[in-house]
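Colleague: Got a predicted structure plus its sequence, pasted below:
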Amino acid sequence: MAAAAVILVAGCGETQSDHADRSTTTDTASPSPSSSLGEPRSGTIKLDSGESVHYSCAGEGTPGVLLEAGTDSGGTESFPAAFLDPLIAKTTVCTYDRLGTGISDPAPHHRRTLRDLCAVQDQVIGALRLPTPYVLVGHSGGGNLDIGCADRHPERVAGLVTIDSYHDDPQDLRDQGFVWSDNPEDVDYIDYSKELDTLSMPIGDFPVLVISATEADPGAEKNQRYWLGLSPHSRQVVIEGPHDLPQVAPEAVVAEVLTLVRSQ
């Protein structure tokens, strides 16, 4: 299991030949069937827009889990083995580097919205043949992304986990001077947060787990209670530690995630 987790967190530090030996290029229209779901695998997925994203998967079983890293972070290098191994032991786990992060292609240089990011997530899930319904797990901004994507396809979602993901006020972001061209993903976070702020709740009937950190920004726990409205089957868990809970308290976080996965 530890070896499988290494595949998921790889991306930086491997040689070019190592990467070529382990990787496969996958087209979203005709995904490669060469690897079984139980075999650790990584490679690239060519998107409809022409860019390519890097992915890693390991484990087998259902419901499959898709991990979304925090804002401006690549998924294949964000989750430590202590977080991944227990998940891989139970089910299929996949993650990827969003455009502009990790070793995926740069984001197209235009204003991108939640719609653009969810379109990429849809293509990744389709190319990886992750069975539906699946569990979406996102840290920080990755959790916000998962909320928006789950709202588009609630029938495909078996569960949703947000890890210290804030309910942002669009006006606060305007006041802070957020500009879409100032981040590597070229995302308009003001528009993004405005869409999330106006969701019609609940967005689905699937279980939702809201994980909050004790040592993050003041008011984090209270702020994130907002997401309990996403489903009638929501609960909040507060874990001791700073914002980067998957890295500093992986055992505590994954234990809660597994509770949701096992319930499906």
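Modeller: Thanks, I have the structure now.

Colleague: Got the confidence number for H139?
Modeller: pLDDT for H139: 98.

Colleague: Correct me if wrong: T76 contacts S42.
Modeller: Yes - counting by Cβ atoms under 8 Å, T76 touches S42, with 7.2 Å between them. Using the backbone N, CA and C atoms, a C-beta is placed for each residue, glycine as well.

Colleague: In terms of packing, which of these two has more residues around it?
Modeller: Neighbour comparison, T76 and S42: the larger count goes to T76, with 27 against 23 (by other Cβ atoms under 10 Å).

Colleague: a helix runs through that one, doesn't it?
Modeller: Yes - with DSSP: H, G, I helix; E, B strand; the rest coil as the criterion, T76 is located in a helix.

Colleague: any chance you could map the helices in the stretch 51-200 of the chain?
Modeller: Using DSSP state H, counting those that start in this stretch, the helices of the stretch 51-200 of the chain run over 81-88, 114-128, 141-152, 170-175, 189-197.

Colleague: Taking the centroid of the chain, which residue is nearest it?
Modeller: E68 (1.2 Å; Cα atoms, centre = their mean).

Colleague: so what's that one bridging to?
Modeller: G138 (DSSP bridges).

Colleague: Which one of the helices of the stretch 51-200 of the chain lies nearest to S104?
Modeller: Checking the helices of the stretch 51-200 of the chain against S104 by Cβ to Cβ gives helix 114-128 as the closest, at 9.5 Å.

Colleague: Show me how far that closest one is from its chain's centre.
Modeller: The chain centre lies 11 Å from the centre of helix 114-128; the measure is Cα atoms, centre = their mean, to the nearest Å.

Colleague: Give the other helices and strands that it contacts.
Modeller: If you count contacts as 3 or more Cβ pairs under 8 Å, 6 or more residues apart in numbering; DSSP states H and E, helix 114-128 packs onto strand 23-27, strand 41-46, strand 52-58, strand 65-68, strand 93-96, helix 141-152, helix 189-197.

Colleague: mind redoing it with 7 Å?
Modeller: Helix 114-128 is packed against strand 41-46, strand 52-58, helix 141-152, with contacts defined by 3 or more Cβ pairs under 7 Å, 6 or more residues apart in numbering; DSSP states H and E.

Colleague: Just want the angle from that helix to strand 41-46.
Modeller: 130 degrees (axes from the mean of the first three to the mean of the last three Cα atoms, to 10 degrees).

Colleague: looking at the helices of the stretch 51-200 of the chain, which has the lowest confidence?
Modeller: Mean pLDDT per stretch puts helix 170-175 lowest among these, at a mean of 88.

Colleague: Please name the residues that touch P154.
Modeller: For P154, the contact set (Cβ atoms under 7 Å, 6 or more residues apart in numbering) comprises 203-204, 206.

Colleague: Going by neighbour count, which of the residues you listed comes out on top?
Modeller: F206 (24 neighbours).

Colleague: for the helices of the stretch 51-200 of the chain, which one sits closest to P246?
Modeller: Closest among those, once you apply Cβ to Cβ, is helix 81-88, at 5.1 Å.

Colleague: would you put the C-alpha positions of the closest one in CSV?
Modeller: Provided in CSV are the C-alpha atoms of helix 81-88 (Å, rounded to 0.1, in the frame of the first residue of the first chain):
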residue,chain,number,x,y,z
ALA,A,81,1.2,8.6,2.3
ALA,A,82,-0.3,8.7,5.8
PHE,A,83,-3.5,10.1,4.2
LEU,A,84,-3.5,8.1,1.0
ASP,A,85,-2.6,4.6,2.2
PRO,A,86,-5.8,3.9,4.3
LEU,A,87,-8.0,5.1,1.5
ILE,A,88,-6.1,3.0,-1.1
